[in-house]
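1. here are the coordinates; sequence isn't available:
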Ligand SMILES: NC(=O)C1=CN([C@@H]2O[C@H](COP(=O)(O)OP(=O)(O)OC[C@H]3O[C@@H](n4cnc5c(N)ncnc54)[C@H](OP(=O)(O)O)[C@@H]3O)[C@@H](O)[C@H]2O)C=CC1
Ligand SMILES: O=C(CO)[C@H](O)[C@H](O)COP(=O)(O)O
């Protein structure tokens, strides 16, 4: 393992726990030593400070994994490995690399004679240590060599490993990118639900109870579970709850933005993901928001007095919108699979996400069944079971948006989800007017509903 940070160190110790003899490389002697001291008793873990020493001790074909920051560090590691590797050796990039970088590296390393695989890993620190969700793609021959180990260290759901071969080329990193886009979107929706519930008067203890209860039902998910926990965390510096002293400026490393950018390139609407990315961006404009808050006062319409009813409406709205996030992400994978020649097995991607990863949720079982029934399904919203859930939540979704809009509470993610739904389920959209406008000013032509072909009109000024 190259890169003994949060993910690399924990994943390596996980491998050791499953009986594999492992070596970790770090330039820093202390970090290399710390790896050995943190290993479980009886495991075979070695920390080294020279890459040559690590490579020379590996069995052939050598299996080298890196978990370093995306971008230049991955290229640097590859450069330093090149003179040390032999034909047939396997290099795995387990980080959040952009899939186009992975494609470039696959080609470059093939010329050098060794295998390069992009493998998405999700689960954070704890998941890496005890069982992450793993998304491999690319070279099938190389995958056969690492499959037993990846299956051993992955999370398990109903005894099945949360790892599967997810397609050609950079499919592993592509699926991980979309996973992160969905992650951004669901986190945004949960944060909006938090804002709405706070406006209805809930304190941190009540918020904890609400999210805990939601997490016990059919909405069960990792993100709801940690959300419930967050409201109870005390702050040792202020004596307040930690959530109340955390700045509202949210950071990001880019995978959500990449998902949105790629959705645009593919021509697949991923509006909740786009909104989540934009909302993180607007969160960074703190100074301007403070100025704007002084100019534009919140409307004086409170959210309704019936707190229990409102909580149940928000619960339904959150589930409705969360389903839309998965539907948009899966529609993207459906399209990318053929457009980018990756042959992504969509049911397998859902199966891999059922455990270990940040977006794991009880809903994944329903989605997996939907995709198993019809693997070519372009959108989860077209599945009958999913449609029944959506129809059951639709009324409350609308009710929450009306109340959020009247109270002046930001709920862009919820609104994006409903707007997408309303457009997707519309047999007729008003975009006939857009076509007329394009032809009017730019002679871009239009199609008619009553006969085939392209038409242009010399539009009259009236
Ligand atoms: N943290 C998370 O929850 C998740 C992270 N990821 C992805 O996994 C990758 C690693 O993330 P994470 O473990 O959190 O990051 P960390 O910053 O914790 O660790 C990165 C490690 O890479 C090492 N490193 C950096 N540059 C080089 C280099 N050129 N050569 C050798 N080693 C290098 C660092 O060493 P040093 O400290 O000495 O510089 C450090 O040990 C990233 O791509 C990240 O996006 C994926 C899933 C979840
Ligand atoms: O890949 C992950 C989880 O699946 C990482 O935690 C990722 O870094 C989160 O993205 P960001 O830092 O942009 O919020």
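-> Cool, the structure landed. No experiment lies behind these values; they were computed from the predicted model shown. Numbering: from 1, shown residues only. Ligands and ions are numbered 1, 2, ... in the order given.

2. From now on I want contacts and neighbour counts done on CA atoms only, so please keep to that.
-> OK.

3. Let me see the ranges of the strands in the stretch 1-150 of the chain.
-> 22-25, 45-48, 63-66, 90-93, 115-122, 133-136 (DSSP state E, counting those that start in this stretch).

4. Which strands border the fifth one, and is each parallel or antiparallel?
-> Neighbouring strands of strand 115-122 in its sheet, by DSSP bridges, are strand 90-93 (parallel), strand 133-136 (antiparallel).

5. how distant is the first one from the center of its chain?
-> Okay, so that is strand 90-93. Offset of strand 90-93 from its chain centre (C-alpha atoms, centre = their mean, to the nearest Å): 22 Å.

6. Any chance you could list what contacts that strand?
-> 61-67, 74, 114-119, 142 (C-alpha atoms under 8 Å, 6 or more residues apart in numbering).

7. do that again at 7 Å, thanks
-> Residues from elsewhere that reach strand 90-93 (C-alpha atoms under 7 Å, 6 or more residues apart in numbering): 61-67, 114-119, 142.

8. Can that strand be said to contact ligand 1?
-> No - Strand 90-93 is not in contact with ligand 1 by C-alpha under 6 Å from any ligand atom; minimum separation 8.5 Å.

9. distance of the residue nearest to residue 139 when sequence neighbours are not counted from ligand 2?
-> Excluding its sequence neighbours, the residue lying closest to residue 139 (C-alpha to C-alpha, 6 or more residues apart in numbering) is residue 117, at 6.4 Å. Separation of residue 117 from ligand 2 (C-alpha to the nearest ligand atom, to the nearest Å) stands at 17 Å.

10. With residue 360 instead?
-> Taking C-alpha to the nearest ligand atom, one finds residue 360 at 11 Å from ligand 2.

11. Tell me who's in contact with that residue.
-> Each residue near residue 360 by C-alpha under 7 Å, 6+ apart is listed here: 221-222, 353-354.

12. can you check residue 130 too?
-> Residue 130 sits next to residue 14 when contact means C-alpha under 7 Å, 6+ apart.

13. Could you rerun that using 8 Å?
-> Residue 130 neighbours (C-alpha under 8 Å, 6+ apart): 14, 153-155.

14. Likewise for residue 453?
-> Shown in contact with residue 453 (C-alpha under 8 Å, 6+ apart): residue 447.

15. Name the residues of the stretch 51-200 of the chain found near ligand 2, please.
-> Neighbours of ligand 2 within the stretch 51-200 of the chain, by C-alpha under 6 Å from any ligand atom: 122, 124, 180.

16. Against ligand 1, which of the residues you listed make the cut? List them.
-> Restricting those to those near ligand 1 - C-alpha under 6 Å from any ligand atom - leaves 122, 124.

17. Closest to residue 301 out of the residues of the stretch 51-200 of the chain next to ligand 2?
-> residue 180 (35.6 Å; C-alpha to C-alpha).

18. and residue 39, how many neighbours?
-> When neighbours are counted by other C-alpha atoms under 10 Å, residue 39 registers 19.

19. Can we start the residue count at 452 from this point?
-> With the count now opening at 452, the last piece we talked about shows up as residue 490.

20. For ligand 1, see how far away it is.
-> Applying C-alpha to the nearest ligand atom, the value for residue 490 to ligand 1 is 16 Å.

21. Over to residue 709?
-> 13 Å.

22. tally of neighbours for residue 732?
-> Residue 732 has 14 neighbours, counted by other C-alpha under 10 Å.

23. give me the element it is part of.
-> Per DSSP states H and E, residue 732 falls inside helix 722-734.

24. Buried residues, that helix. List them.
-> By 16 or more other C-alpha atoms under 10 Å, the buried positions in helix 722-734 come out as 722-728, 730-731, 734.

25. Could you do stretch 589-597 as well?
-> By neighbour count on 16+ other C-alpha under 10 Å, the buried set for stretch 589-597 is 589-591, 593-594.

26. same deal with stretch 548-555?
-> In stretch 548-555, counting by 16+ other C-alpha under 10 Å, buried: 548-550, 552-554.

27. and residue 692, what are its bridge partners?
-> Legend: beta-bridge partners of residue 692 under DSSP bridges are residue 685.
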